[in-house]
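Novice: Structure of the sequence below:
(chains A and B)
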Amino acid sequence: MARISVPMGGIFETEASLGDRVLEASGLDVFYRDRTKLLGRRNALTQALHDVSLTVGRGEIVGLCGESGCGKTTLSKAICGIIRDFDGQIRLAGERPQMVFQDPFGSLNPSKRIGWLLEEPLRVDRARSWTPQERERRIAEVVRQVELDETLLDRYPDELSGGQRQRVAIATAIMRNPTFIIADEPVSALDVTIQAQVLSLLRSLHEDMGLSMLFISHDLRVVYQICDRVLIMRQGRILEEGDVASVYRNPQHEYTKALLTAAGLRA
Amino acid sequence: MAGTRRSLRQTIDRLPSPQVFWAGFAIMAAVVALVLVGLVWMPYKPTAMSADRLQGISAAHWLGTDKMGRDILSRVMYGSRVTLMVALGTMAIGAGTGVLVGAVTGFYGGLLDEVVMRVMDGLFAFPNVLLALVFVSLFGSSTMHVMWALGIAFIPSFTRVVRSEYVRIKHLDYVKNARLQGASDARVIFVHMLPNVRGVLLSNVMIGFNNAVLAEAGLSFLGIGSQPPYASLGQMISEAQEIFFRVPTAVLGPGIVIVAMVLGFSLMGEGIRPATQSLD
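Specialist: I've put the predicted structure just below:
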């Protein structure tokens, strides 16, 4: 459906001083309107986010859970500045966060070599310019970090497996050494064994770099494996929020209970 | 570092029908060879008249002479050059402008897109030949003017194709990702997106080239464009109609070159088409 977001007066601030937090979002509302106007009649608005507030602490992995269409992706787009039309306030401690997308077959440009794709975040870095030597060194470093084979740098994305592609996508996201990234269903398109590898990679990046993450997933089991805190979303609202252990052990909301039951985590 | 560098040759061999492509390529190579040889050597000056009129095939005149005693082979070589240049020039103008306009309007959309596309629809409504006629009657008949007229007439079709590709791919994650990384709009449009349009663009250039060859030949057959005594393939066929039964080569010579150009490019286009369709 062709939808456009409705212009509103939200505040988007980067490089804010947030203390021990990397993200502080409060009172977010986002509306959509169908693009097609029939006979000049204004059609109804859809509200994708209702008064959503969340924070992500330094070095914290926050899970965002909910069924498809609940506003997870809208929220992540607002946070990384793709959607500019929102009401409320988004404050980030650093630059706009990079994203790791769900489908590694769609998020890598099919006509560029892997090496080129890895170099791009450094070429277009607005914060500083990188000399060719610095770029080469940084790429080698990140390639080691994400456990990617150096021989793949000359290949095209369609010559890589799904897991290798997702490693490349993660590598481009952390290339400029960010403090905070958004991972939008990063393992949903992968086989279960590859899922485990990519999750442990994200886990180790979190531990080694102190990387904070907003981890979006519809899979409560995956969230359990990697996240410190979890937010349950439904129909554009945050229903429940808390430490993974307490939410999973003692869900307050019926919807959360249903999700846990569906995931086989609750009898 | 070990890796796979995909050469052009390898890319072609990965096509579903490389034989078709190579067949077209061979035909085009022959035509281009004819033109290139004509640049450095021709048996006679293409405009030089002589007393040996209406001769058949001989050692002195491989394709015979026309009613003014001009060597047909020399005129075919010269005429092929004119036709090829016009077709290439037309493609450069039409595809170049079309890519630029289509990419920008497809990427940004909105009011600009609407306005530009309605202008293109208007331009599209004129038949190519009619547009060329108007152009030539305004600015005078010359090869250059025909090239410009055809080039402008080709802009809308390229704009449409490129625009629709941009509309299709601009919502893909890799485009979003490039913007998120901080690439400028121009960089996203031309560095990130354009290479992914090349397949569709290439097969349209192949088709457009054929149309340009035929349009140029048709216009010069009607006496528009290259003026006598200079040769152009369509004009040669037009002039040779009345001597067809005495010197068949006067029609067949230029005719075969036109067919070869169109066939060659069609086969090359046909050879790459399935690959571009399966790209996404």
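Novice: residue of chain A with the smallest distance to chain B?
Specialist: Per CB to the nearest CB, residue A:154 is where chain A lies closest to chain B, at 2.6 Å. (Each C-beta comes from the backbone N, C-alpha and C, glycine too.)
Novice: Is it correct that that residue is in contact with residue A:112?
Specialist: No: counting by CB atoms under 8 Å, residue A:154 stays clear of residue A:112, with 11.5 Å between them.
Novice: Output stretch B:76-92 in PDB with nothing but the alpha carbons.
Specialist: What follows is stretch B:76-92, C-alpha atoms only, in PDB (Å, rounded to 0.1, in the frame of the first residue of the first chain):
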ATOM      1  CA  VAL B  76      28.000   2.000 -49.100                       C
ATOM      2  CA  MET B  77      31.100   2.400 -47.000                       C
ATOM      3  CA  TYR B  78      30.500   6.100 -46.600                       C
ATOM      4  CA  GLY B  79      26.700   5.700 -46.100                       C
ATOM      5  CA  SER B  80      27.200   3.100 -43.400                       C
ATOM      6  CA  ARG B  81      29.400   5.500 -41.600                       C
ATOM      7  CA  VAL B  82      26.700   8.200 -41.700                       C
ATOM      8  CA  THR B  83      24.000   5.800 -40.600                       C
ATOM      9  CA  LEU B  84      26.100   4.400 -37.800                       C
ATOM     10  CA  MET B  85      27.100   7.800 -36.600                       C
ATOM     11  CA  VAL B  86      23.500   9.100 -36.600                       C
ATOM     12  CA  ALA B  87      22.300   6.000 -34.700                       C
ATOM     13  CA  LEU B  88      25.100   6.300 -32.100                       C
ATOM     14  CA  GLY B  89      24.500  10.000 -31.800                       C
ATOM     15  CA  THR B  90      20.800   9.500 -31.400                       C
ATOM     16  CA  MET B  91      21.400   6.900 -28.700                       C
ATOM     17  CA  ALA B  92      23.900   9.200 -26.900                       C
END
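Novice: Now that stretch: buried residues?
Specialist: Judged by neighbour count (16 or more other CB atoms under 10 Å in any protein chain shown), stretch B:76-92 contains these buried residues: B:76-84, B:86-87, B:89-91.
Novice: Is it correct that residue A:46 falls within a helix?
Specialist: No: judged by DSSP: H, G, I helix; E, B strand; the rest coil, residue A:46 forms no part of a helix; its state is strand.
Novice: Assign a three-state SS to the closest residue in space to it that isn't next to it in sequence, would you?
Specialist: Spatial nearest neighbour of residue A:46, chain neighbours left out: residue A:32 (4.6 Å); criterion: CB to CB, 6 or more residues apart in numbering or on different chains. Put simply, residue A:32 is strand when judged by three-state DSSP.
Novice: Could you tell me how many residues sit around residue A:32?
Specialist: Neighbour count for residue A:32, taken as other CB atoms under 10 Å in any protein chain shown: 19.
Novice: Just the pLDDT at it, thanks.
Specialist: Residue A:32 is assigned a predicted lDDT (pLDDT) of 83.
Novice: beta partners of it?
Specialist: residue A:5, residue A:46 (DSSP bridges).
Novice: rewinding a little: higher neighbour count, residue A:154 and residue A:112?
Specialist: Per other CB under 10 Å, whichever of residue A:154 and residue A:112 has more neighbours is residue A:112, with 20 against 17.
Novice: Check whether that one sits in a helix, strand or coil.
Specialist: Per three-state DSSP, residue A:112 ends up coil.
Novice: cool, and residue A:22?
Specialist: Per three-state DSSP, the local secondary structure of residue A:22 is strand.
Novice: so it touches residue A:210, yeah?
Specialist: No: between residue A:22 and residue A:210 there is no contact under CB under 8 Å: 10.2 Å.
Novice: what is in contact with those two at once?
Specialist: By the contact definition CB atoms under 8 Å, 6 or more residues apart in numbering or on different chains, residue A:22 and residue A:210 are jointly contacted by A:58, A:179.
Novice: who has more neighbours, these two?
Specialist: More neighbours surround residue A:22 than the other of residue A:22 and residue A:210, with 26 against 11 (other CB under 10 Å).
Novice: How much space separates the more buried one from residue A:178?
Specialist: Distance of residue A:22 to residue A:178, computed by CB to CB, to the nearest Å: 9 Å.
Novice: Also residue B:143?
Specialist: 58 Å.
Novice: Which residue ranges of the stretch 151-280 of chain B form strands?
Specialist: In chain order, the stretch 151-280 of chain B shows no strands, with DSSP state E, counting those that start in this stretch as the criterion.
Novice: Quick check: residues of it near chain A?
Specialist: Within the stretch 151-280 of chain B, the residues that sit near chain A (CB under 8 Å from any CB of the partner chain) are B:172-174, B:176-184, B:187, B:192, B:195-196, B:198, B:279.
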